[in-house]
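K.L.:
structure for the following, please:
(2 chains)
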Number of protein chains: 2
Amino acid sequence: MLKRETKDYINIDPLQTGGKLTKEAKEALLEWGDGYSICDFCQGRLDEIKKPPIHDFIHQTLPEFLGCDVARVTNGARESKFIVMHSLSLKKPNAYVILDGNAHYSSYVAAERANLKVAEVPNTGYPDFKIEAEKYAEVIEETKKKGEIVLSLLTYPDGNYGNLADAKKVAKICHEYDIPLLLNGAYAVGRMPVKMEKVGADFIVGSGHKSMAASGPIGVLGMKEDYAEIVLRKSEKYKNKEVELLGCTARGATIMTLIASFPHVRDRVEKWDEEVKKARWFASKMEELGIMQLGDKPHNHDLMFFHAENLYEISKRAKKGRFFLYRELKAKKIHGIKAGLTRYFKLSTYLVPKEDLRYVLDAFSEIIKKYS
Amino acid sequence: MLKRETKDYINIDPLQTGGKLTKEAKEALLEWGDGYSICDFCQGRLDEIKKPPIHDFIHQTLPEFLGCDVARVTNGARESKFIVMHSLSLKKPNAYVILDGNAHYSSYVAAERANLKVAEVPNTGYPDFKIEAEKYAEVIEETKKKGEIVLSLLTYPDGNYGNLADAKKVAKICHEYDIPLLLNGAYAVGRMPVKMEKVGADFIVGSGHKSMAASGPIGVLGMKEDYAEIVLRKSEKYKNKEVELLGCTARGATIMTLIASFPHVRDRVEKWDEEVKKARWFASKMEELGIMQLGDKPHNHDLMFFHAENLYEISKRAKKGRFFLYRELKAKKIHGIKAGLTRYFKLSTYLVPKEDLRYVLDAFSEIIKKYS
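P.N.:
Residues are numbered from 1 along each chain as shown, chains lettered A, B, ... in the order given. Sure thing, here's the model as predicted:
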């Protein structure tokens, strides 16, 4: 009943490739699995636990890794985004947030939850779907006529096309208007080198379960010192409790798996070039099969979006209709392309061994042949 | 570095006794530990995953267990409370929430985060610290002169004294004023029989890691159908995403351990009488040692608060000062009374075998003798 069928499949779902636990995290999971295990060591606040070394992780390791002044762990990247949006929108009933048009749905929903209005920076459309930094200026100009803009957000990379916009330039433009920039790095932090300070952003968000080999849900949030006072404001009554974190956030095995995997994560980030090379190689092989890679080209990330007109044509006459691809791949123990998709789909090659990717390419090739 | 020193101790910390994983949950933890594992099976929303049976758990099992119309899993009891408070306070800048004076700090912080003002129903003070239902009427009368009251909350039991107030009566009083009642059952749901509908409350909150043998952080939230429309309102743009849940909440091993432990949790609730009997026996033995149990007497819950004037006297002259008790207990591999406490402390006997409790009693007896 509770078995995970896909556990031993080749998994190319972008949600999954960066979240697989390390050996160390699996050990931490069992060691710290019980309910509130870490609270045995707490004197009042999660991030101040000295042993296990949560304090050092949150106050030294993480800020260094994220390139920020102050960091916290949260219940996930979306929760990190909400924390920032909610803090900055307090008592501002007519405030706006600027989102890139490729933003994850949870950025939009976090804004809605914070009662923020949303203005979107459109992408360039098919086939590149790029977010152009200059467009931020245009959208800001239009939006500021309607209300106060409290935050801009850039998804880096976005979760559909794996596009990496010119984040530095976006930061510069936002700052010209005195608007802080949040970099949503749910698919960057823990996969590729990225530092908030180098980009010039004011906030950075990462996902433990998406890209830091941690058991979910857990996220990270980094910020400039200037914003800590408002985002991490303390309770009036309980002086050491941070209101937006409701006191404590990832209070269990999640934080311990994040810490356990961290040395591995820090190392793997250094090997990012190899991952990009592998992704480009995979994309080129897909194109040889008539499946075109959209988004940035050459591509700079393991998350890629494909356009397969040939698979779409097959779906029109295949017995299982549009579910044929999912079923064929499943029969070959490949998971990660959503059931029912054939024409457009995304996948990730991150940490997937090249021999497994060859197997995936062969599978696509065989499927196309089979239905020709 | 990442070992859990207290793992094999006798643990009487109220935070820990109800959160120990079952064998089944430990298996689920390893099976579903990877990042976003369950998302392999998702068509767009966590609570709609059919296999593993998350849908049935959230839409059938949980509402039945909680005695409510609609249920969800959240990132914890405090997050459940914030979800409700935030929803009910939308666009109400001068709104109040009524909290019992024994409320957990996170109830207060959740209210602060939701920009709610707090009015407190005081407890009766030493030695019973009771919350009297009638007092809700008084506080409501005073508070409604100052602003709109959007919610009342009762902590059931509270996390300091383990007191169980007359929740039915509180619900009745709140409803006379048309104020919904949230029952914070972080120490009830999964330990003792409690149903929202029997109490007549409008919301019920539980904690997976505190009292449902799940790996944290995870909570549950039950509500009356009437409130689902506002609390579980959907995104305007992403029609199937629930705004207050930011789309999905406990998206990983946490939900799977909750489900895996559930049959055991449902069974153990039925044996609550035995736990109450054991708690009363333990309290009586502590009193024989000169350590008085405060709060409800006879006590109705495993969470108990003690007043040890004798240990306090010892602390004044012991070598390690007020840390002597913590160190003495640690040497005997007993964990759960906060370091530095001697005069007043809480503990829990929940699911702690009677022979272990005898060992704890002997330990207290020996410590008192040693310093006499």
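K.L.:
so what secondary structure elements neighbour whatever helix or strand A:D362 lives in?
P.N.:
Under the criterion of DSSP states H and E, A:D362 resides in helix A:354-370. When contacts are defined as 3 or more CB pairs under 8 Å, 6 or more residues apart in numbering or on different chains; DSSP states H and E, helix A:354-370 packs onto strand A:10-11, helix A:272-288, helix A:309-317, helix A:324-331, strand A:334-335. Glycine gets a C-beta too; all of them are placed from N, C-alpha and C.
K.L.:
if we use 7 Å, what do you get?
P.N.:
strand A:10-11, helix A:272-288, helix A:324-331 (3 or more CB pairs under 7 Å, 6 or more residues apart in numbering or on different chains; DSSP states H and E).
K.L.:
most tightly packed of these?
P.N.:
When these are scored by mean count of other CB atoms under 10 Å in any protein chain shown, the highest mean neighbour count falls to strand A:10-11 (a mean of 22).
K.L.:
give me the residues contacting the helix or strand hosting A:F345.
P.N.:
If you go by DSSP H and E, A:F345 is part of strand A:344-348. Strand A:344-348 has contacts (CB atoms under 7 Å, 6 or more residues apart in numbering or on different chains) with A:12-14, A:17, A:160, A:302-307, A:336-338.
K.L.:
just the buried members of those residues?
P.N.:
Buried members of the contacts of strand A:344-348, scored by 16 or more other CB atoms under 10 Å in any protein chain shown, are A:12-14, A:17, A:160, A:302-307, A:336-337.
K.L.:
quick one: is stretch A:82-94 near chain B?
P.N.:
Yes. Counting by CB under 7 Å from any CB of the partner chain, contacts between stretch A:82-94 and chain B involve A:F82.
K.L.:
equivalent analysis for stretch A:21-39, please.
P.N.:
Yes. Counting by CB under 7 Å from any CB, chain B has neighbours in stretch A:21-39: A:21, A:26, A:28-37, A:39.
K.L.:
can you tell me the SS state at A:V97?
P.N.:
strand (DSSP: H, G, I helix; E, B strand; the rest coil).
K.L.:
these two touch, right, it and A:V118?
P.N.:
Yes. Using CB atoms under 7 Å, A:V97 is in contact with A:V118, at 5.9 Å.
K.L.:
now the contacts of strand A:344-348 as TSV including secondary structure?
P.N.:
Shown next, in TSV, are these (three-state DSSP):
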residue	secondary structure
A:I12	coil
A:D13	coil
A:P14	helix
A:T17	helix
A:N160	coil
A:D302	coil
A:L303	strand
A:M304	strand
A:F305	strand
A:F306	strand
A:H307	strand
A:G336	coil
A:I337	coil
A:K338	coil
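K.L.:
out of those, which is nearest to B:S315?
P.N.:
Sorting these by how near they are to B:S315, with CB to CB, puts A:T17 at the top with 54.5 Å.
K.L.:
grab the nearest non-local neighbour of that closest one.
P.N.:
Leaving aside its chain neighbours, A:T17 sits nearest to A:Y350 (3.9 Å; criterion: CB to CB, 6 or more residues apart in numbering or on different chains).
K.L.:
burial of the one you found, as a residue count?
P.N.:
A:Y350: 25 surrounding residues under other CB atoms under 10 Å in any protein chain shown.
K.L.:
remind me which helix or strand it belongs to.
P.N.:
Going by DSSP H and E, A:Y350 is not in any helix or strand.
K.L.:
tell me how far it lies from chain B.
P.N.:
From A:Y350 over to chain B the distance is 12 Å, taken as CB to the nearest CB, to the nearest Å.
K.L.:
may I have the longest strand seen in chain A as PDB, with CA atoms only?
P.N.:
Identified as the longest strand of chain A according to DSSP state E is strand A:148-155. The C-alpha trace of strand A:148-155 is given here as PDB (Å, rounded to 0.1, in the frame of the first residue of the first chain):
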ATOM      1  CA  GLU A 148       3.400  50.900  -4.300                       C
ATOM      2  CA  ILE A 149       5.700  48.100  -5.500                       C
ATOM      3  CA  VAL A 150       7.100  46.300  -2.400                       C
ATOM      4  CA  LEU A 151       9.100  43.500  -4.100                       C
ATOM      5  CA  SER A 152      10.300  42.200  -7.500                       C
ATOM      6  CA  LEU A 153      10.900  38.500  -8.000                       C
ATOM      7  CA  LEU A 154      13.000  36.700 -10.500                       C
ATOM      8  CA  THR A 155      12.800  32.900 -11.000                       C
END
